[in-house]
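S.K.: from the sequence below, what's the structure:
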Amino acid sequence: MDDFVAAYKRMFENYFEFSGRSSRADFCGAIVMNILVGFLLAALSWMLPLIFFADWAYGIAVIIPLTALTVRRLHDMNKSGWWVLVGLFPVLNLILVIFCCFSDGTPGSNAYGA
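M.R.: Numbering: from 1, shown residues only. This next block holds a predicted model:
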């Protein structure tokens, strides 16, 4: 669980960092924590309708760091960061996340860094 929390913290520490690479473990850990926090906030907003803005605010707050993390993960697989635009389509975004979670990164250096 500590690895997931550490990956989640790194996602926010690299908020606007679209260059470089991210490992599969960092990506999957941050995604799992993001899903857990999202479900927790959704459940709380369902039980306490007065805080429904928290769920929306969180969703808006994680758009940029999740996009940056996905771009860095694509770079780790030696793919262009522009592939993140596939995530704008409803079914393809799930396929992109699964692809990023299960594909190996490029060993050693690639066009996007060491």
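S.K.: so where's the longest helix in the chain?
M.R.: Secondary structure of the chain per DSSP state H: the longest helix is helix 24-47.
S.K.: and the closest residue to Ile64 other than its chain neighbours, what's its pLDDT?
M.R.: Taking CB to CB, 6 or more residues apart in numbering as the measure, Ile64 lies nearest to Tyr15, with 6.2 Å between them; neighbours along the chain are not counted. Where C-beta positions appear, they are placed from N, C-alpha and C, glycine not excepted. For Tyr15, the model assigns a pLDDT of 88.
S.K.: state the helix or strand in which Tyr15 lies.
M.R.: For Tyr15, there is no helix or strand it lies in under DSSP states H and E.
S.K.: what are the phi and psi values for it?
M.R.: Summarising the backbone geometry of Tyr15 under the convention degrees, to the nearest 10, its torsions are phi -50, psi -50.
S.K.: that one reaches Ile63, doesn't it?
M.R.: No: proximity of Tyr15 to Ile63 does not meet the contact threshold set by CB atoms under 8 Å, at 10.7 Å.
S.K.: all set now, cheers.
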